[in-house]
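**Q** Predicted model and sequence follow; I will ask about them next.
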Amino acid sequence: MFKLGHDGYSMTFKNGHTVSVRWHQCVHYVSERTLDCDTDAIRAMATDSVNAEVMVLDSTGEFIDTPFNELDMVIGWQSPDQVYAIMSWARGLKHE
């Protein structure tokens with residue numbers, strides 16, 4: 001399943017795990033991140049980015065630990081190749 005959000009997208013695999021990929025510059029761990037964006041800027045979708053913030057969720061929607069970030073469940077500043085590696089890892093997890 002694919003799901004489009006206002007700041008990125010998510011993919012859910014047959015095993016029930018979801019990978020969330022986000023790149024809005026105001027609120028996510030991406031290059032040129034700004035924390036003082038106004039409300040209109042936060043609502044506006046950043047259409048492209050050199051990297052993205054990624055999270056892996058289980059079938060209940062809970063974030064899960066990954067081997068890609070030992071300090072946080074949020075994996076920031078990921079290149080397209082790194083996002084692909086995270087997706088491949090999540091797809092290979094056991095079905096819940």
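**A** Ah, there it is.
**Q** does the closest residue in space to His28 that isn't next to it in sequence count as helix, strand or coil?
**A** Of all residues not flanking His28 in the chain, Glu53 sits nearest, at 4.0 Å (Cβ to Cβ, 6 or more residues apart in numbering). Glycine gets a C-beta too; all of them are placed from N, C-alpha and C. Assigned by DSSP: H, G, I helix; E, B strand; the rest coil, the conformation of Glu53 is strand.
**Q** ok, now which ones touch Glu53?
**A** Glu53 is in contact with Gly8, Val21, Arg22, Trp23, His28, Tyr29, Val30, Val74, Ile75, Gly76, Trp77, Gln78, counting by Cβ atoms under 8 Å, 6 or more residues apart in numbering.
**Q** Narrow these to just the buried residues.
**A** Gly8, Val21, Arg22, Trp23, His28, Tyr29, Val30, Ile75, Gly76, Trp77, Gln78 (16 or more other Cβ atoms under 10 Å).
**Q** what bits of the chain have low per-residue confidence?
**A** Within the chain, the stretches with pLDDT under 70 are 25, 27, 32-36, 38-46, 96.
**Q** can you give me the strands in it?
**A** For the chain, the strands defined by DSSP state E cover 2-5, 8-12, 18-22, 52-57, 75-78.
**Q** Need the max-distance pair from the buried ones among the contacts of Glu53.
**A** Within these, Gly8 and Trp77 form the most distant pair, 14.1 Å apart (Cβ to Cβ).
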